[in-house]
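1. With the sequence up front, the predicted model follows.
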Amino acid sequence: LRASKSFTAALPGETERNGHGLGYKSVSVGHLEVAPLSPSRLSLGRASSTATSTVAPEQGRPQDYLVLAIFSCFCPVWPINIVALVFSIMSRNSGQQGDLDGARRLGRMARLLSIVSIVLGTIIIVLYISLSVR
């Protein structure tokens, strides 16, 4: 965790009332006055090496498991694999819009439904072949 670099000071000529009757302005060291326009551009400053080493793996684009969901569509469990395909596409759209947490959540659900569809489809195919051979 990084320590906060925010402080409150009475700046001459720049004081403002904050709704509590105090003439102080909260200032952050090293930050811009205007918030960034895009959530992907949170800071223009350089981060410390410890922050980038721990955050770097999470900054990658989350997987949407589209190939796995398409592969699961060949299994005979159609309601489940179609829902997996829909979740996979929703995960891809969320990732493109910058909602990384939503993309990860939807991607995990697409992966789970795809695996369930493949396992159930394999069981159905094996049962069908074993019963038709008799």
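-> Thanks, I have it.
2. Okay, now the unreliable bits of the protein?
-> 1-59 (pLDDT under 70).
3. where along it do the strands fall?
-> All strands of the chain, identified by DSSP state E, fall at 6-9, 25-28.
4. which parts of the longest helix seen in the chain are buried?
-> Under DSSP state H, the helix in the chain containing the largest number of residues is helix 100-133. Buried residues in helix 100-133, counting neighbours by 16 or more other CB atoms under 10 Å, are found at 100, 102-107, 109-111, 113-114, 116-118, 120-121. Heads up, the C-betas are built off the backbone N, CA and C, glycines and all.
5. so what's Pro62 up against?
-> Listed by CB atoms under 8 Å, 6 or more residues apart in numbering, the contact set of Pro62 reads Ser91, Gly95, Leu100, Ala103, Arg104, Gly107.
6. Can you tell me how far the last one is from Arg61?
-> In other words, Gly107. From Gly107 over to Arg61 the distance is 10 Å, taken as CB to CB, to the nearest Å.
7. Equivalent analysis for the first one, please.
-> Remark: distance between Ser91 and Arg61 (CB to CB) = 10 Å.
8. More neighbours: those two, which one.
-> Comparing Ser91 with Arg61 by other CB atoms under 10 Å, the one with more neighbours is Ser91, at 27 against 11.
9. List the contacts of the more buried one.
-> By CB under 8 Å, 6+ apart, the neighbours of Ser91 are Pro62, Asp64, Tyr65, Gly102, Ala103, Arg104, Leu106, Gly107, Met109, Ala110.
10. try 10 Å this time
-> Contact partners of Ser91, counting by CB atoms under 10 Å, 6 or more residues apart in numbering, are 62-66, 69, 99, 102-111.
11. Between Gly107 and Arg61, which contacts overlap?
-> Contacts common to Gly107 and Arg61, judged by CB under 10 Å, 6+ apart, are Arg92, Gly95.
12. Phi, psi for Asp99 please.
-> phi -90, psi 80 (degrees, to the nearest 10).
13. okay, now it: neighbour count?
-> Other residues lying near Asp99 total 16 when counted by other CB under 10 Å.
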